[in-house]
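Novice: What follows is a predicted structure for the sequence shown.
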Amino acid sequence: MQNKNVIVIGIFAVITILGAILINNLFKNGVIGGSSSSDNTQIVTKIINVDDIVEVEGIKTTSKKDNHLVVEIKGEVVFPGIYEFDNDEVLIQDVINMAGGLTKRADTSLINLASLVTNHSSITIGSIESKSYVLGEGEKENKININTCTKEELESLEGIGESKAIQIINYRKVNGLFQSIEDIKNVSGIGDAVYQKIKDYITV
């Protein structure tokens with residue numbers, strides 16, 4: 001009888017130990033408590049939602065924040081065509097350089113080579129004979145509006161220096177807007193000779 005009690009106690013002890021080991025393994029594997037499973041889910045979700053991942057497990061992706069600029073240039077450049085740039089701060093001079101530079105017939109007298117170009121814009125470099133220059137969405141004649149232009153724009157005109165540019169701006173402030181391009185001759189220092197040089201490049 002006593003031996004039977006010892007055997008029963010031994011079996012109960014073995015069952016208790018095995019049960020403890022099983023429960024401990026369940027906690028470690030995350031079956032009980034769920035903390036490990038939840039953490040894994042959060043980590044995966046975080047990776048999926050990142051927009052600017054550059055490299056994940058050796059796979060490179062393109063960031064949505066990358067800048068890209070496409071510009072067309074034609075006319076008096078060595079290699080007219082469409083050029084792509086990897087940034088959004090590109091000067092007209094940069095596009096000209098990319099196109100192999102200017103031809104001998106190119107006219108840049110009315111061009112601000114330091115101006116920034118916009119994405120999908122078109123630049124046309126005119127010849128000395130045509131005296132034309134186009135920049136922007138579509139093609140349009142580029143003339144300086146003497147009613148709204150800046151001093152720097154006026155100085156880009158042949159025969160107009162800093163002092164005459166200031167006089168033109170002061171004139172329109174005092175007398176109002178010019179009604180025609182010929183009215184610019186009312187500005188002191190702007191005679192027929194200067195007017196003939198600039199008349200094809202100004203507008204109101």
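Specialist: Everything's here; your move. Residues are numbered from 1 along each chain as shown.

Novice: quick one, longest strand in the protein?
Specialist: Assignment by DSSP state E gives strand 69-75 as the longest strand of the chain.

Novice: Can you list the buried residues in whichever helix or strand comes after that strand?
Specialist: On the C-terminal side of strand 69-75, the closest following helix or strand by DSSP states H and E is strand 81-85. Within strand 81-85, the residues scored as buried using 16 or more other Cβ atoms under 10 Å are Y83, F85. (C-beta placed from N, C-alpha, C; glycine too.)

Novice: Please, where are all the strands along this structure?
Specialist: 55-56, 59-60, 69-75, 81-85, 121-125, 133-136, 144-145, 202-203.

Novice: Can you tell me the number of residues neighbouring the closest residue to N147 other than its chain neighbours?
Specialist: Leaving aside its sequence neighbours, N147 sits nearest to L177 (Cβ to Cβ, 6 or more residues apart in numbering; 4.5 Å). L177 has 12 neighbours, counted by other Cβ atoms under 10 Å.

Novice: Distance to I168 for the strands of the chain - can I get that in a markdown table?
Specialist: Formatted as a markdown table, these follow (distance: least, Cβ to Cβ, whole Å):
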| stretch | distance to I168 |
| --- | --- |
| strand 55-56 | 57 |
| strand 59-60 | 55 |
| strand 69-75 | 29 |
| strand 81-85 | 36 |
| strand 121-125 | 27 |
| strand 133-136 | 21 |
| strand 144-145 | 10 |
| strand 202-203 | 10 |
